[in-house]
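A.B. asks: Here is a sequence together with a model predicted from it:
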Amino acid sequence: MSSQSRTVTLDRLAEILRVRSAEGRILVAMAGPPGCGKSTCAEGLVESLNAEAPGSAMVFPMDGYHYDDQVLLERGLRSRKGAPETFDVAGLAHMLKRLRRNEEAEIAVPVFDRDLEISRAAARMIPRTVRIIIVEGNYLLLDRHPWAGLVPLFDVRVMIRTPAEVLRERLIARWEGFGLPPGEVATKVEGNDLPNGRLVISDSIEAELEVVT
């Protein structure tokens, strides 16, 4: 399948997911580099799905599995927060399997609080009745250990594509919005976010579908 034939709008993606979920719960990987708009796309998609079938879809952000800053400091990884090695991939895998089994009335998942820069445990409840779970995060389709072990857990794989210069502009605006001085913004964007983004683009498996933002 060519890249062009894989490219869909969010409205078309919503239609596909409605059909795919007709017989039971599905997990959807929505991957892409930092700044591509994964969270916005995921939230917009869920809003569209729930407008037609209330309570049918929810977002599960991968970022809830960030290692705590104390762990990163001990490992010398604080400046690389957000890189592949700064996540509890095994913990995420266990949660995805639990969500796939869907044996409980509801499942509590962690959510990353960007204002506090920490993950809050059990911050979001996903009921058994939710048929479509949009799992969004940078490395969900990364073709390297241990991330590659997540790929078979997804029923639909989506990649968000964004031009490099647009990514840079969005990332700069993001960190400026947190009040960081220009030098620190440049360090975060050029030294961490963009290298992570290039890794996502170059080393992820081919997605079934793509959304261009």
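C.D. replies: Structure's in. What do you need? Numbering: from 1, shown residues only.
A.B. asks: Going by C-alpha atoms from here, please, whenever you check contacts or count neighbours.
C.D. replies: Fine.
A.B. asks: tell me the mean pLDDT for stretch 92-107?
C.D. replies: Average pLDDT, stretch 92-107: 98.
A.B. asks: Centre of the chain to that stretch, how far?
C.D. replies: Distance, stretch centre to chain centre, for stretch 92-107: 17 Å (C-alpha atoms, centre = their mean, to the nearest Å).
A.B. asks: hmm, who's touching that stretch?
C.D. replies: Contact with stretch 92-107 is made by 25-27, 62, 65, 109, 125-128, 149-150, 153, as judged by C-alpha atoms under 8 Å, 6 or more residues apart in numbering.
A.B. asks: Derive a PyMOL selection command for the buried subset of the residues you listed.
C.D. replies: Of those, the buried ones go into a single PyMOL selection, burial set by 16 or more other C-alpha atoms under 10 Å:
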select buried, resi 25+26+27+62+65+109+126+127+128+149+150+153
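A.B. asks: OK, contacts around the closest residue to Gly197 other than its chain neighbours?
C.D. replies: In this structure, Gly197 finds its nearest non-sequential neighbour in Pro33, 4.2 Å apart by C-alpha to C-alpha, 6 or more residues apart in numbering. Residues near Pro33 by C-alpha under 8 Å, 6+ apart: 138, 160, 194, 196-198, 200-201.
A.B. asks: can I get these in a markdown table with secondary structure and neighbour count?
C.D. replies: Output for these, formatted as a markdown table (DSSP: H, G, I helix; E, B strand; the rest coil; neighbours: other C-alpha atoms under 10 Å):
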| residue | secondary structure | neighbour count |
| --- | --- | --- |
| Asn138 | coil | 29 |
| Ile160 | strand | 21 |
| Leu194 | helix | 19 |
| Asn196 | helix | 20 |
| Gly197 | helix | 22 |
| Arg198 | helix | 14 |
| Val200 | helix | 23 |
| Ile201 | helix | 21 |
